[in-house]
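# Below is the sequence, then the predicted model.
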Amino acid sequence: MPALPDILLVDIPSRFAGQGLALDRYYPVILETVAEASELEAFLCEDRQVLIAPSLLDRRPSAFLVGDLTLARYAPPAAGWPWLVLCCWPLAYTRMVPVPNDYLARGSYTIEAFAEAEEVDAFEQQFFAGYGPCASRTISPAGNG
């Protein structure tokens, strides 16, 4: 789907990795536009004296609005990288989240990371079972598994 965002996955060096990161080592950044990708690239290229998380887009409101709960599966770009499942939550759900909203990236998304495709399958089955009967579709970006 052309409307789904890209995800830049930063592999955090082991000395800075730990709980709070996807699989204890990855920092996903949701990019909805080319301009945001350019902005993030400029941020990552800056020289700095202290470590700063690449969180400049984390609290920016999403421009991607959905009426239905949407799950998208992102296959690893290469061996050794994780599978990702991006969930875009409709307004009916996001309004239930307490403010300040530290649960949803960009006010709309959650991301799950998995080492194996079978873990993604199990997660999706459990997820859809919890949200009642619905049609399940696996969405994968073109050329991405």
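Thanks, I have it.

# Against C87, how distant is I12?
I12 sits 22 Å away from C87, going by CB to CB, to the nearest Å. C-beta: built from backbone N, CA, C; applies to glycine.

# ah, wrong one, I meant F127
Taking CB to CB, one finds F127 at 8 Å from C87.

# Same question for L56.
22 Å.

# who does the top helix by length along the chain touch, helix- and strand-wise?
Under DSSP state H, the helix in the chain containing the largest number of residues is helix 117-130. The contact analysis (3 or more CB pairs under 8 Å, 6 or more residues apart in numbering; DSSP states H and E) places helix 117-130 against strand 70-74, strand 83-88, strand 109-114.

# so the shortest one versus strand 109-114, what angle?
This points to strand 70-74. Orientation of strand 70-74 against strand 109-114 (axes from the mean of the first three to the mean of the last three CA atoms, to 10 degrees) gives an angle of 40 degrees.

# helices or strands next to strand 70-74 in the packing?
strand 83-88, helix 117-130.

# related to what we said a few turns ago, got any residues that touch both of F127 and C87?
Common neighbours of F127 and C87, using CB atoms under 8 Å, 6 or more residues apart in numbering, are L71.
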